[in-house]
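Enquirer: Provide a 3D model corresponding to the input given below.
(one chain, ligands or ions: 2)
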Amino acid sequence: MTSILTRRRALGLGAATIGGTLLYAANSRAVSGSAAKTPWEWKEIQPESIQERAYLSAWEKIGCMYGVLEAVLGTLGDKYGAPYNTFPVEATVYGSGGIGGGGSLCGTVNAAGMLFGLFAKSQEDMFALCGEMSLWYEKAPLPVYKPKNPRQQIPEVTSVSGSNLCHVSSTRWANISGQKLLTPQHFERCNRMVADATVKVVSMLNEYSRGKMTYREKPNAFSEGCQACHGPAGVKANVATNMSCNSCHQDPHNSAKP
Ligand code: HEC
Ligand code: HEC
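Expert: Ligands and ions are numbered 1, 2, ... in the order given. Below you'll find the model as predicted:
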């Protein structure tokens with residue numbers, strides 16, 4: 001409202017201008033339609049400098065997706081203002097627990113995708129960055145981050161999810177750590193992972209914005225084999241995913257058949 005009034009003043013429009021409603025409408029459209037077009041300009045962040053913020057923000061909402069985005073966009077917003085501070089970060093709490101607790105895509109991978117959506121210069125780049133992040137998440141032993149003042153003590157163990165799904169990732173950690181899920185211990189583990197994923201996505205965006213992005217991840221050998229026939233342009237071409245196949249499938253072609 002303030003900005004609309006300021007604009008009206010700047011344009012020399014009195015509150016009682018005849019036809020004010022029309023002008024107001026036109027004006028408010030200009031203001032509300034002013035969300036900055038993507039791609040936004042990426043400003044380098046020293047990745048480790050925002051780990052603690054990511055960890056603490058994640059605890060604020062028990063929000064993994066939120067934690068990553070709050071740390072990154074919040075840091076940029078504090079330093080540079082718009083457009084970074086115009087993003088409704090609270091809306092991303094939906095990503096918690098694999099989309100509203102559904103155990104689907106991990107919120108940290110979802111958050112990274114959102115950031116690539118804001119900062120990648122083309123759709124092709126955005127897809128490639130999303131793929132890199134997802135494969136990194138599948139393979140990385142997590143969590144690594146040690147908070148300054150941990151809210152909860154948890155066993156110092158890491159697990160490899162082999163999947164970008166919250167369900168698989170969390171349950172593998174539960175089995176390795178001996179902890180129960182949907183407990184403060186589980187959230188501690190996930191919120192430390194938020195710090196790890198934040199470092200990853202910020203490092204990627206730093207590298208990408210310098211024009212020197214190196215894609216390091218590729219599907220595992222098992223999955224590459226399947227994709228040769230089931231992936232795009234294969235004889236079957238009936239599978240569209242870059243998730244590792246072996247988190248759900250065995251090789252049906254090699255098993256002894258009657
Ligand atoms: C050389 C090509 C080729 C490769 C490599 C291949 N597939 Fe297949 N796959 C096929 C074809 C063709 C069919 C359909 C005909 C059939 O059932 O044999 C099929 C069928 C399937 C089916 C459904 C039918 C069934 O038998 O259960 C599954 C599931 C499957 N493949 C998974 C995989 C996985 C997982 C891998 C990797 C480990 C893989 N495939 C590798 C060609 C391939
Ligand atoms: C998150 C688990 C998951 C992952 C990861 C996954 N799949 Fe599947 N896939 C399934 C499920 C569930 C079905 C459906 C099975 C059915 O309908 O009986 C399926 C179906 C298929 C089918 C068709 C089977 C048929 O009966 O025709 C093929 C082929 C297949 N997957 C291959 C792959 C390949 C190749 C990959 C890796 C690139 C992969 N899948 C990754 C869970 C998964």
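Enquirer: tell me the centre residue of the chain?
Expert: By C-alpha atoms, centre = their mean, the chain has its centre lying nearest to Ala111, at 1.5 Å.
Enquirer: you'd agree that one is up against Met65?
Expert: Yes: with contact defined as C-beta atoms under 8 Å, Ala111 and Met65 form a contacting pair (4.4 Å). To be clear about C-beta, it is placed using only N, CA and C from the backbone, and glycine gets the same treatment.
Enquirer: who touches both of the two?
Expert: Listed contacts common to Ala111 and Met65 are 92, 95; contacts here mean C-beta atoms under 8 Å, 6 or more residues apart in numbering.
Enquirer: how about the CA coordinates for whichever helix or strand the residue nearest to the centre of the chain is part of, as PDB?
Expert: Take DSSP states H and E as the rule and Ala111 turns out to sit in helix 107-119. Extracted in PDB, the C-alpha atoms of helix 107-119 (Å, rounded to 0.1, in the frame of the first residue of the first chain):
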ATOM      1  CA  GLY A 107      12.700 -30.800   0.500                       C
ATOM      2  CA  THR A 108      16.400 -30.000   0.100                       C
ATOM      3  CA  VAL A 109      16.400 -31.200  -3.500                       C
ATOM      4  CA  ASN A 110      13.100 -29.400  -4.000                       C
ATOM      5  CA  ALA A 111      14.600 -26.200  -2.700                       C
ATOM      6  CA  ALA A 112      17.700 -26.600  -4.900                       C
ATOM      7  CA  GLY A 113      15.300 -26.900  -7.900                       C
ATOM      8  CA  MET A 114      13.500 -23.700  -6.900                       C
ATOM      9  CA  LEU A 115      16.800 -21.900  -6.800                       C
ATOM     10  CA  PHE A 116      17.900 -23.200 -10.100                       C
ATOM     11  CA  GLY A 117      14.500 -22.100 -11.400                       C
ATOM     12  CA  LEU A 118      15.300 -18.600 -10.200                       C
ATOM     13  CA  PHE A 119      19.000 -18.400 -11.300                       C
END
